[in-house]
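> Structure of the sequence below:
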Amino acid sequence: MKKLTIIFGVVSLLLGAASIARAAEEKSDWSVVGSVALSSEYNFRGLTLSARQPALQHSVTASHKSGGYFGYWASNVNGQKRSSTKTQQQALEIDLYAGLYYEVNENFYVDLLGLFYTYNFIGATSNDANELNANSVSGNLNYQEYFVTLGFLGGKLKLIGAYSPEFFGFGALGESSYLQVAYDGQVADNFKIRASVGSTNISNKIYKNISSLIDYKLAFVANWNDGADEAEFAFIGVDKNAKDFYLNDFGYERSFYEDRLQFTLKKGF
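Reported below is the predicted structural model:
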């Protein structure tokens, strides 16, 4: 309960700051948007990062008329149980990002983004921290990823490529790349469909039985308030190769990667 109180307090402060920023934007070349979401769990590329528990998420992005932008995204995280431990570490993930958006025409755009993932563990013992950080080059799970997005059909269809020097912060696994094809389009008034297929590829230095890890998502979305608010019902999963990797090589429980249904309510501002 204390952890949730802290998270809600942080979100309240951030919402207040965002409101002040939006009031000031009317006199500048900047605009500020944000959101607060409550989800049945935190999903990342087909994997649960909240141990199948609810996640409270928040974001704020400031954009300049030139196309430059920066912001943050935050969520509570529950560390996954391994066969070697019975502990689950609670964390607050805060992702910082900056990018440049360029619209070639109404049907095509290019988006360049740099993203830094940070994880702040709550109540973890020294042994817990040592286990989590044992294979990390930087001594923690924080890591960076760089994205290039090509948007087609007015942004409905996206081709996304990403590169990270260390997979999930575990430098011992080597570099990773991610390629995703995603569709996000309105199909009727107040209703849209989202679908994506992605592939994570690891240049690993330890495990020899791994190739690409496939994730997929199909979502039905009801939206209102000009699309700022929405309710999403999604089916999410990963392929057998990914399941075998996370079970046999990482020792994670099946709940980490099992196919699942996810429900999310989001309020934009």
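
> low-confidence ranges in this protein?
Scanning the chain for pLDDT under 70 picks out 1-27, 79-89, 122-140, 169-173, 204-211, 247-252.

> same thing but 50
Residue ranges of the chain with pLDDT under 50: 1-6, 8, 20, 24, 83-85, 125-130, 132-139.

> I figured Asn142 hits Asn120, correct?
No: Asn142 lies out of contact with Asn120 (Cβ atoms under 8 Å); the separation is 9.4 Å. (C-beta placed from N, C-alpha, C; glycine too.)

> What's opposite the residue nearest the centre of the chain in the beta bridge?
The residue lying closest to the centre of the chain (Cα atoms, centre = their mean) is Phe44, at 5.3 Å. On the basis of DSSP bridges, Phe44 is bridged to Leu47.

> How about Ala188?
Going by DSSP bridges, Ala188 forms beta bridges with Phe191.

> And it, how close does it get to Gly114?
36 Å (Cβ to Cβ, to the nearest Å).

> more crowded one of these two?
Taking neighbours as other Cβ atoms under 10 Å, Ala188 and Gly114 compare with Gly114 leading, 14 against 7.

> The more buried one is in what secondary structure piece?
Under the criterion of DSSP states H and E, Gly114 resides in strand 108-122.

> list the buried ones in that strand?
Buried residues in strand 108-122, counting neighbours by 16 or more other Cβ atoms under 10 Å, are found at 109, 111, 113, 115, 117-119, 121.

> Take these and write them to a markdown table, including distance to Phe235.
Converted to a markdown table, the buried residues of strand 108-122 look like this (distance: Cβ to Cβ, whole Å):
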| residue | distance to Phe235 |
| --- | --- |
| Tyr109 | 28 |
| Asp111 | 26 |
| Leu113 | 27 |
| Leu115 | 26 |
| Tyr117 | 25 |
| Thr118 | 30 |
| Tyr119 | 27 |
| Phe121 | 31 |
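
> Tell me the one of those nearest Leu218?
For the buried residues of strand 108-122, the minimum distance to Leu218 (Cβ to Cβ) is 23.3 Å, reached by Asp111.

> residue contacts, the closest residue to that closest one other than its chain neighbours?
Excluding the flanking residues, the one nearest Asp111 by Cβ to Cβ, 6 or more residues apart in numbering is Thr149, at 4.1 Å. Counting by Cβ atoms under 8 Å, 6 or more residues apart in numbering, Thr149 touches 110-113, 158-161.

> Out of those, which comes closest to Val104?
Nearest to Val104 out of these is Val110 (Cβ to Cβ; 6.9 Å).

> Look up how far His64 lies from the closest residue in space to that closest one that isn't next to it in sequence.
In space, Val110 comes closest to Tyr102 once its chain neighbours are excluded; the distance is 5.0 Å by Cβ to Cβ, 6+ apart. Tyr102 sits 12 Å away from His64, going by Cβ to Cβ.

> what sits against Gly151?
108-111, 157-158.

> One more: Phe116?
So Phe116 contacts 95-97, 142-144 (Cβ under 8 Å, 6+ apart).

> picking that back up, can you add distance to Val36 and give the contacts of Gly151 back as a markdown table?
Output for those, formatted as a markdown table (distance: Cβ to Cβ, whole Å):
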| residue | distance to Val36 |
| --- | --- |
| Phe108 | 31 |
| Tyr109 | 26 |
| Val110 | 29 |
| Asp111 | 23 |
| Leu157 | 28 |
| Lys158 | 24 |
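
> you'd agree Leu159 is up against Leu153?
No: the pair Leu159 / Leu153 is not scored as a contact, 11.5 Å apart, by Cβ under 8 Å.
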